[in-house]
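Participant: sequence first, predicted model second:
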Amino acid sequence: MNTEALKDLLYRLADDQLILGHRNSEWNGLGPILEEDIAFSSMAQDKLGHSLQLYTLLHQLGEAEPDTVAFTRNAPQFHCTQLVELPIGEYDFSLIRHFLFDHAEILRFEALSHSHYEPLAQVARKLKGELKYHILHANTWIKQLGSSTEEAIERLQNSLNYTLPYALGLFEKTAAEDEIIAAGIFVGEDEIKTRWQENITKILRQTALELPDAATLTPVYGGRTGEHTEHLQPLLDEMAEVFRVDPTAEW
């Protein structure tokens, strides 16, 4: 097994969780109802915990300590998809992003729970259990709001149209793709994408929302190889502000 190929996968997984975790945390105090303040804060905490477990696996493979990896890299060194770094916007956008992202993630970690790399399989088995609650939350609100008022449906549809090309970037392949499949570490992005499209279509058919034809869209790629929007570096600067004051501090 090529360790660098494994690290490539782990960085993609961990960086997605870290960045979206921080984005979700920005809903604290801003949710449309108190329940959503709590829900997004809870999911944010989960995702930050998930990133820590994945960065710990990277540390075991020779990378720096999790805090160092999380808080000292600049935007071009991150492997997250551009979807997760976009600002939270209005609630309809964050809900759609949550729905599209977590449906992909639960499939990804279900597949990884059977990985031939046992340390990753153990982490994946734990994480997929927590993600079930994220999926339940997303599906509940998509069904409820996507079948409610004309305004709610229109806003969600506009957000879905805007967000889907970024969501397709979740399945961007890297040079490590063939190797991690051959080694039995991961089933590959094509299989996850196919199942993801089937699952989100089933949910959206229970609403007044329509899924744009992904075949007609241009996926937003680049994040996996360090190409990011102008939104990522300011977020990283904010995340690392306290850590950079004294990296050796103990709390």
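Facilitator: Cool, the structure landed. The structure presented is a predicted model; accordingly, all values stated were derived computationally and were not measured.

Participant: going forward, measure contacts between C-alpha atoms and count neighbours the same way
Facilitator: OK.

Participant: ranges for the helices of the stretch 151-251 of the chain?
Facilitator: Assigned by DSSP state H, counting those that start in this stretch, the helices in the stretch 151-251 of the chain fall at 177-182, 189-204, 232-239, 241-245.

Participant: what mean pLDDT does the longest one get?
Facilitator: The average pLDDT within helix 189-204 is 97.

Participant: please renumber the chain so that the first residue is 38 from this point on.
Facilitator: From this message on, residue numbering opens at 38, which makes the last subject helix 226-241.

Participant: where does the prediction get shaky in the stretch 38-187 of the chain?
Facilitator: Within the stretch 38-187 of the chain, the stretches with pLDDT under 70 are 38, 64, 66-71, 74.

Participant: what distance do you get for Asn39 to Ile222?
Facilitator: Distance from Asn39 to Ile222, counting by Cα to Cα, to the nearest Å: 11 Å.

Participant: of those two, who's got more company?
Facilitator: Neighbour comparison, Asn39 and Ile222: the larger count goes to Ile222, with 23 against 10 (by other Cα atoms under 10 Å).

Participant: give me every residue that touches that one.
Facilitator: If a contact means Cα atoms under 8 Å, 6 or more residues apart in numbering, then Ile222 has Leu43, Leu149, Ser152, His153, Tyr154 as its contacts.

Participant: for it, phi and psi?
Facilitator: Main-chain torsions, Ile222, degrees, to the nearest 10: phi -80, psi -40.

Participant: for the closest residue to it other than its chain neighbours, which three-state class applies?
Facilitator: Of all residues not flanking Ile222 in the chain, Ser152 sits nearest, at 4.6 Å (Cα to Cα, 6 or more residues apart in numbering). Secondary structure assignment for Ser152 (DSSP: H, G, I helix; E, B strand; the rest coil): coil.

Participant: pull the contacting residues for Gln159.
Facilitator: Applying Cα under 8 Å, 6+ apart to Gln159 gives the contacts Ser150.

Participant: gap between the helix or strand encompassing it and the chain center?
Facilitator: Element membership of Gln159, judged by DSSP states H and E, is helix 155-182. Put simply, helix 155-182 sits 11 Å off its chain's centre (Cα atoms, centre = their mean, to the nearest Å).

Participant: and Lys163, how close does it get to Leu157?
Facilitator: Counting by Cα to Cα, the separation of Lys163 from Leu157 is 10 Å.

Participant: comparing those two, which residue is more hemmed in?
Facilitator: When neighbours are counted by other Cα under 10 Å, Leu157 comes out ahead of the other of Lys163 and Leu157, with 20 against 14.

Participant: my understanding was that that one contacts Phe146; is that so?
Facilitator: No: shown here, Leu157 and Phe146 do not form a contact pair, counting by Cα atoms under 8 Å, at 9.4 Å.

Participant: the residue nearest to Ile222 reaches Gly225, doesn't it?
Facilitator: No: taking contacts as Cα under 8 Å, Ser152 lies outside contact range of Gly225: 11.3 Å.

Participant: coming back round to it: ok and the helix holding Gln159 relative to helix 226-241, angle-wise?
Facilitator: Angle of helix 155-182 versus helix 226-241, following axes from the mean of the first three to the mean of the last three Cα atoms, to 10 degrees, is 30 degrees.

Participant: break down the stretch 38-187 of the chain into its helices, ranges please.
Facilitator: For the stretch 38-187 of the chain, the helices defined by DSSP H, counting those that start in this stretch occupy 40-62, 71-97, 103-109, 119-122, 128-149, 155-182, 187-205.

Participant: and the ones you listed, which is most packed in?
Facilitator: Among these, ranked by average contacts under mean count of other Cα atoms under 10 Å, first place goes to helix 119-122 (a mean of 25).

Participant: helices or strands up against it?
Facilitator: With contacts defined as 3 or more Cα pairs under 8 Å, 6 or more residues apart in numbering; DSSP states H and E, the packing partners of helix 119-122 are helix 40-62, helix 187-205.

Participant: good, we can wrap up now.
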